[in-house]
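Undergrad: How does the following fold in three dimensions:
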Amino acid sequence: MLSRKVEDYLEAILNIINEHGYARVKNVSIFLNVKPPSVVEMLKKLNHMGFVEHKKYENIILTPKGYEIAIGVKDKHDTIKAFLEIIKVPGRIADKDACIIEHELNPITITQVKSLVEFVKTSSHHPEWLKHFEIFCDTRKHVCEKRNHKNHAP
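TA: You can find the predicted model right below:
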């Protein structure tokens, strides 16, 4: 199992490459809010582990092995963030919390969360319970639903 730090670096490099078309030490430093010498040290470790290719003053390249891990971490992050946003966590907080949670959840849990997110997002009708949940979040009260109650004799 990889450390959280390794996963964070690989995900950051992938995100930077996706955004800018390339990743450099300075980009990673800014993205992760760490000093450039720390980035250089981690890149040496990642290079040694076979996750990146990096030479001084050149772009950082994810190897196929590094790319696969980065995609997996990003997918977990995006899934958790989407779930948190569904339950009305503000985007900035959802993004930050997803960074923490993505490293700790069991893969089975991630799969189920991903299924729920996909189910909600692809539902042809906005699920009624989601509207009720939004109201509950605002009022802390359940929506009074009119129900047709019929008395049935035993």
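Undergrad: Look at residue 93 and give its secondary structure.
TA: Using DSSP: H, G, I helix; E, B strand; the rest coil, the structure places residue 93 in helix.
Undergrad: Kindly state the domain boundaries assigned to this structure.
TA: Domain assignment for the chain by automatic domain parsing gives 4-69, 79-139.
Undergrad: Make CSV from the ones you listed and add mean pLDDT to it.
TA: Converted to CSV, the domains of the chain look like this (pLDDT from 0 to 100):
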stretch, mean pLDDT
domain 4-69, 97
domain 79-139, 91
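Undergrad: Deepest-packed of those domains, please.
TA: The highest average neighbour count among those, using mean count of other Cβ atoms under 10 Å, belongs to domain 4-69 at a mean of 17. C-beta coordinates here come from the backbone N, C-alpha and C atoms, glycine included.
Undergrad: quick one: terminal-to-terminal distance for that one?
TA: With Cα to Cα, to the nearest Å as the measure, domain 4-69 spans 12 Å from end to end.
Undergrad: can you give me the offset of it from its chain's centre?
TA: With Cα atoms, centre = their mean, to the nearest Å as the basis, domain 4-69 stands 18 Å off its chain's centre.
Undergrad: Number the residues from 11 up from this point.
TA: Sure, I'll start numbering at 11, so the last one becomes domain 14-79.
Undergrad: Quick check: the residue sitting nearest the centre point of the chain vs residue 112, distance?
TA: For the chain, residue 87 is the residue whose C-alpha lies nearest the centre (Cα atoms, centre = their mean; 1.2 Å). Using Cβ to Cβ, to the nearest Å, we find residue 87 at a distance of 5 Å from residue 112.
Undergrad: same thing with residue 46?
TA: Taking Cβ to Cβ, one finds residue 46 at 25 Å from residue 112.
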